[in-house]
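Undergrad: Need the 3D shape of this:
(chains A and B)
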Amino acid sequence: DVVMTQSPLSLPVTLGQPASISCRSSQSLVSSDGNTYLNWFQQRPGQSPRRLIYKVSNRDSGVPDRFSGSGSGTDFTLKISRVEAEDVGVYYCMQGTHWPGNTFGQGTKLEIK
Amino acid sequence: EVQLVESGGGLVQPGESLRLSCAASGFTFSTYWMTWVRQVPGKGLEWVANIKEDGYEKYYLDSVKGRFTISRDNAKKSLYLQMNSLRVDDTAVYYCTRGRGSGYWGQGTLVTVSS
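TA: Down below sits the predicted model:
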């Protein structure tokens, strides 16, 4: 089974400063169709998760451009260029390459210093 | 606007059954895989099951195989999760999500299994 490992698990950030979350998979996430199915989700306090990024680097509709995704193979990163108060919450990576099913990372809790 | 509305959660005893429903709107339901994801309160996310557009392919988390059944009714734009032989560790908020990549999520429905 694929294991997704995020770091850090807790991320205190000053408003206006950048933030970065790492996600590593135990196996390459390059699919046989050439795509890499690595998504990022945000879960604000008391809310349902919301997808931010799909296939490594594609922002979902309505997601601010301060969010960006990058990476390849087994190493992936979610970056926030300038953290705002509304970014507080837990961030999860998820792989969809290795079936059946998806695998989520443990989550990274972003808080404001 | 895409909307997913779950219902059917509640408090049950171990060994009992529950059926969750998800009403979809705002998109062509019959052209999407659908997925159930659960979350123990205060914990992380866990994929539970998903079903192909036509309902003929279904996949399950190992720990729910043989106990849970995912199904759909494309005419009613609805997704279901029949949960039998419920265990205490099935306690969680269950989310209905669109697609294999979970691009949209419902608000969730809480299932509590406790004696």
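Undergrad: Where does chain A get nearest to chain B, residue-wise?
TA: residue A:100 (3.6 Å; Cβ to the nearest Cβ). C-beta coordinates here come from the backbone N, C-alpha and C atoms, glycine included.
Undergrad: wait, that residue sits on residue B:58?
TA: No: with contact defined as Cβ atoms under 8 Å, residue A:100 does not count as touching residue B:58 (9.2 Å).
Undergrad: residues contacting residue A:74?
TA: A:24, A:25, A:26, A:27, A:28, A:29 (Cβ atoms under 8 Å, 6 or more residues apart in numbering or on different chains).
Undergrad: Which of those ranks first by neighbour count?
TA: residue A:29 (27 neighbours; other Cβ atoms under 10 Å in any protein chain shown).
Undergrad: Need the nearest residue in space to it, chain neighbours excluded.
TA: Once flanking residues are discounted, residue A:29 sits nearest to residue A:97: 4.5 Å by Cβ to Cβ, 6 or more residues apart in numbering or on different chains.
Undergrad: residue ranges for the strands of chain A, please.
TA: A:4-7, A:10-13, A:19-25, A:38-43, A:50-54, A:58-59, A:67-72, A:75-80, A:89-95, A:103-104, A:108-112 (DSSP state E).
Undergrad: want to throw the ones you listed into JSON lines with mean pLDDT and distance to residue B:93?
TA: JSON lines is the format used below for these (pLDDT from 0 to 100; distance: least, Cβ to Cβ, whole Å):
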{"stretch": "strand A:4-7", "mean pLDDT": "98", "distance to residue B:93": "20"}
{"stretch": "strand A:10-13", "mean pLDDT": "98", "distance to residue B:93": "22"}
{"stretch": "strand A:19-25", "mean pLDDT": "98", "distance to residue B:93": "23"}
{"stretch": "strand A:38-43", "mean pLDDT": "98", "distance to residue B:93": "11"}
{"stretch": "strand A:50-54", "mean pLDDT": "98", "distance to residue B:93": "15"}
{"stretch": "strand A:58-59", "mean pLDDT": "98", "distance to residue B:93": "26"}
{"stretch": "strand A:67-72", "mean pLDDT": "98", "distance to residue B:93": "25"}
{"stretch": "strand A:75-80", "mean pLDDT": "98", "distance to residue B:93": "23"}
{"stretch": "strand A:89-95", "mean pLDDT": "98", "distance to residue B:93": "14"}
{"stretch": "strand A:103-104", "mean pLDDT": "96", "distance to residue B:93": "14"}
{"stretch": "strand A:108-112", "mean pLDDT": "98", "distance to residue B:93": "18"}
